[in-house]
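Enquirer: next come a sequence and a model predicted from it.
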Amino acid sequence: MTALAEAIARSFAAGEPDRPALSPLRALGRRQLTGYEVLAQSVATTAPAASMVLLPVTMLTHETLLAGLVTIIAATVFITVIAWCVSQFTRRLAASGGLYTFVFQGLGTRAALTTGVAMLVKYLGSGALTLYHGGQALIALCAQLGVEVRGPGAALVYLGVAAAILAALVRGVRFAAVAILAVEICSLMFIVGLMLVSGASDQVALIPPDADGHGLLPVILTALFALAGFESATFFGPEARRPMVTVTRTVLATPVICGALFVFAGWAAWSGRADNLANAYLHGSSTGVSPVVVVALNLGLSCSWLASAMASSNAASRLLYSMGVERVLPRALAHVHRGWRTPHLALVAAVAAIATAAPVFTVVDGAAAEAKVGLRVALLIAYVLVALATVRFLGRIGELTAAARLAGRLGAASGLVTLAYIVGFNALDGGGGGLAAAAAAGTGALAWQWYLGRARPRSLAAVGVFDSPESADVLPGAGVFAVNARGAVALVGTDRPGRVGH
């Protein structure tokens, strides 16, 4: 008898369990996103079209052309190493908590809460910044068309865009993914085309470089902002059709795709092919750039920024939803729309926070710059923890290889060095964003754990929820179901000797 025939015969003899095994994340609507839709979410979070403009502008204004190009390459290698570490988790489990859940699997509750704080700061902050920049690009576009938007009008722009983002995200995860993909592809095609056909300009970067002597710091910050976001795909594992394959491929492919685009943008700055683009971004049509190019550039930038704001809001909502399921945050965040299967209350909370913060950058001088530093610091803390968690997790399950050990240690060490560089030079320059973000991640997690330990101790035992096989996913008789540590029926192994499920 073949293995298939034996399994079929065993399925007819197997009895049904007293309680069916159900995934704790089943309300989201499992197995609906294709690989392209997951990739759209991941790539859009990095705002590739906008980043391809910001990188050359940063390199030109700080006169770090060759050094800037090398920095972009080094940042791409670093992010790729971290992505490889993350892929060790995505090959084995799917979780709407993303890195927050993965770090728990390797380092425990306190490190997971630290990662959760860091990722909430990163995604809500990135969403606010990209909404702010997208609104600024729309306002600049209106100015080019002869319409001045100031004061209350600017606030209405942000609120109107936030409302449109919320409507698209609540409508459905697939609808949002398709919208994000279409917007980002159009923006990318324009930016790449402009770089390819443009020549050098006689007048570039009228804004002088900073006098602090740390010209590489802005390039590092911009490169990290541009490359970060690949991990947003991990929040959609339960909703992907083939999560172990699709999310893993996306996590590994996004840094390569975006890194290649950003290296090309750095080369364009070094070779002079980004001169007209930089002039159009910095000075509009005052340096002789065609007004049509300026209008098209602002349109492309606004689309890219707003697609990133939408993707960041989407990712943040899944993290809030996961924490709501665990009751680490209020249970209301785990509510899902019955028809569209989206965590609508978590989406409302995320978009409201982003829409409230975005206008602040227009009225508080220097707030955007300090926020950018703080977001990179929060992101690096999460990356260091997930690199360390990879080694501990694989060692615990007996699958640690020499390559995984090297990648984990290299990723953690590189992240710590970069973190110290950013925080140190930011402090020397009189900024406090780096130190504030580091303190918030550490003390915030400790305070959060202390509160939960006293107010909701059972929630600490529920941290680390991930998508688990349901009874309907397993051929009857092929698996063994039992009550797990959380009191839920779950697949714990197979009925065949020597084969145990993870």
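Expert: Yes, it's here.

Enquirer: outline the domain layout of the protein.
Expert: As assigned by automatic domain parsing, the chain contains the domains 1-23+468-502, 30-105+128-367.

Enquirer: out of the ones you listed, which is the most enclosed?
Expert: Each of these was assessed for mean neighbour count using mean count of other C-beta atoms under 10 Å. The highest is domain 30-105+128-367, with a mean of 21. Using the backbone N, CA and C atoms, a C-beta is placed for each residue, glycine as well.

Enquirer: now that one: mean pLDDT?
Expert: Domain 30-105+128-367 comes out with an average pLDDT of 86.

Enquirer: from one end of that domain to the other, what's the distance?
Expert: 40 Å (C-alpha to C-alpha, to the nearest Å).

Enquirer: follow-up on the earlier one: A387 is nearest to which of the domains of the chain?
Expert: domain 30-105+128-367 (4.9 Å; C-beta to C-beta).

Enquirer: still on that earlier bit, nearest to A427, out of the domains of the chain?
Expert: Comparing the domains of the chain under C-beta to C-beta, the one sitting nearest is domain 30-105+128-367, at 11.4 Å.

Enquirer: at which residues are the strands of this structure located?
Expert: Listed in chain order, the strands of the chain (DSSP state E) span 480-483, 489-493.

Enquirer: can you add distance to A111 and give the domains of the chain back as CSV?
Expert: Shown next, in CSV, are the domains of the chain (distance: least, C-beta to C-beta, whole Å):
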stretch, distance to A111
domain 1-23+468-502, 19
domain 30-105+128-367, 5
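
Enquirer: between these, which gets nearest to G442?
Expert: Of all the domains of the chain, domain 30-105+128-367 comes closest under C-beta to C-beta, at 14.1 Å.

Enquirer: residues in contact with the residue nearest to R456 when sequence neighbours are not counted?
Expert: Using C-beta to C-beta, 6 or more residues apart in numbering and skipping the chain neighbours, the partner closest in space to R456 is R327 (5.9 Å). Counting by C-beta atoms under 8 Å, 6 or more residues apart in numbering, R327 makes contact with 456, 458-459, 462.

Enquirer: from A316, how far out is the nearest residue to A269 once chain neighbours are set aside?
Expert: Sequence neighbours aside, P56 is the residue nearest to A269 in space, at 3.5 Å (criterion: C-beta to C-beta, 6+ apart). Plainly put, P56 is 29 Å away from A316 if you go by C-beta to C-beta, to the nearest Å.

Enquirer: what does A228 give?
Expert: Counting by C-beta to C-beta, the gap from A228 to A316 is 14 Å.

Enquirer: out of the contacts of R327, which sit inside helices?
Expert: Judged by DSSP state H, those include 458-459 as members of helices.

Enquirer: just the buried ones among the contacts of R327, please.
Expert: 459, 462 (16 or more other C-beta atoms under 10 Å).

Enquirer: so which of the contacts of R327 is the closest to G339?
Expert: Nearest to G339 among the contacts of R327, with distances taken as C-beta to C-beta, is A462, at 27.6 Å.

Enquirer: just read off the phi/psi values of the closest one.
Expert: In terms of degrees, to the nearest 10, the main-chain angles of A462 are phi -100, psi 0.

Enquirer: once you drop chain neighbours, what's closest to it?
Expert: Once flanking residues are discounted, A462 sits nearest to E326: 4.3 Å by C-beta to C-beta, 6+ apart.

Enquirer: my guess is that neighbour meets V465, correct?
Expert: Yes: using C-beta atoms under 8 Å, E326 makes contact with V465 at a distance of 5.4 Å.

Enquirer: still on that earlier bit, list phi and psi for the residue nearest to R456.
Expert: Torsion angles, degrees, to the nearest 10, at R327: phi 70, psi 20.

Enquirer: over to the one 3 residues further on?
Expert: Dihedral angles phi and psi of P330 (degrees, to the nearest 10) take the values phi -50, psi 140.

Enquirer: also the one 10 residues further on?
Expert: Main-chain torsions, W340, degrees, to the nearest 10: phi -100, psi -10.

Enquirer: how far away is the nearest residue to it once chain neighbours are set aside from K122?
Expert: Once flanking residues are discounted, W340 sits nearest to G172: 4.7 Å by C-beta to C-beta, 6+ apart. Distance, G172 to K122, using C-beta to C-beta: 25 Å.

Enquirer: same deal with W84?
Expert: 20 Å.

Enquirer: quick one: the residue lying closest to W305 once chain neighbours are set aside from V70, how far?
Expert: Distances taken as C-beta to C-beta, 6+ apart place G134 nearest to W305, at 3.3 Å, with adjacent residues excluded. Using C-beta to C-beta, G134 is found at 30 Å from V70.

Enquirer: can you check M310 too?
Expert: For M310, the distance to V70 - C-beta to C-beta - is 33 Å.

Enquirer: would you map the helices across the stretch 151-300 of the chain?
Expert: 152-171, 173-197, 216-227, 243-271, 275-283, 291-326 (DSSP state H, counting those that start in this stretch).

Enquirer: dump the ones you listed to JSON lines, plus distance to P343.
Expert: Shown next, in JSON lines, are these (distance: least, C-beta to C-beta, whole Å):
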{"stretch": "helix 152-171", "distance to P343": "9"}
{"stretch": "helix 173-197", "distance to P343": "10"}
{"stretch": "helix 216-227", "distance to P343": "26"}
{"stretch": "helix 243-271", "distance to P343": "17"}
{"stretch": "helix 275-283", "distance to P343": "36"}
{"stretch": "helix 291-326", "distance to P343": "4"}
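
Enquirer: nearest to G366, out of those?
Expert: Nearest of the helices of the stretch 151-300 of the chain to G366, taken as C-beta to C-beta: helix 216-227 at 14.0 Å.

Enquirer: name the helices or strands packed onto that closest one?
Expert: Secondary-structure packing of helix 216-227 (3 or more C-beta pairs under 8 Å, 6 or more residues apart in numbering; DSSP states H and E): helix 48-61, helix 65-90, helix 243-271, helix 367-396, helix 402-428.

Enquirer: try it again with 6 Å
Expert: With contacts defined as 3 or more C-beta pairs under 6 Å, 6 or more residues apart in numbering; DSSP states H and E, the packing partners of helix 216-227 are helix 48-61, helix 65-90, helix 367-396.

Enquirer: export these to TSV and tack on distance to L446?
Expert: Shown next, in TSV, are the helices and strands packed on helix 216-227 (distance: least, C-beta to C-beta, whole Å):
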stretch	distance to L446
helix 48-61	34
helix 65-90	24
helix 367-396	14
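
Enquirer: quick one, which of these is nearest to G106?
Expert: Nearest to G106, of all the helices and strands packed on helix 216-227, is helix 367-396, at 2.8 Å by C-beta to C-beta.

Enquirer: got the angle between that closest one and helix 402-428?
Expert: With axes from the mean of the first three to the mean of the last three C-alpha atoms, to 10 degrees defining the directions, helix 367-396 sits at 160 degrees from helix 402-428.

Enquirer: other SSEs contacting helix 367-396?
Expert: So helix 367-396, by 3+ C-beta pairs under 6 Å, 6+ apart, packs with helix 65-90, helix 99-107, helix 109-144, helix 216-227, helix 402-428, helix 433-455.
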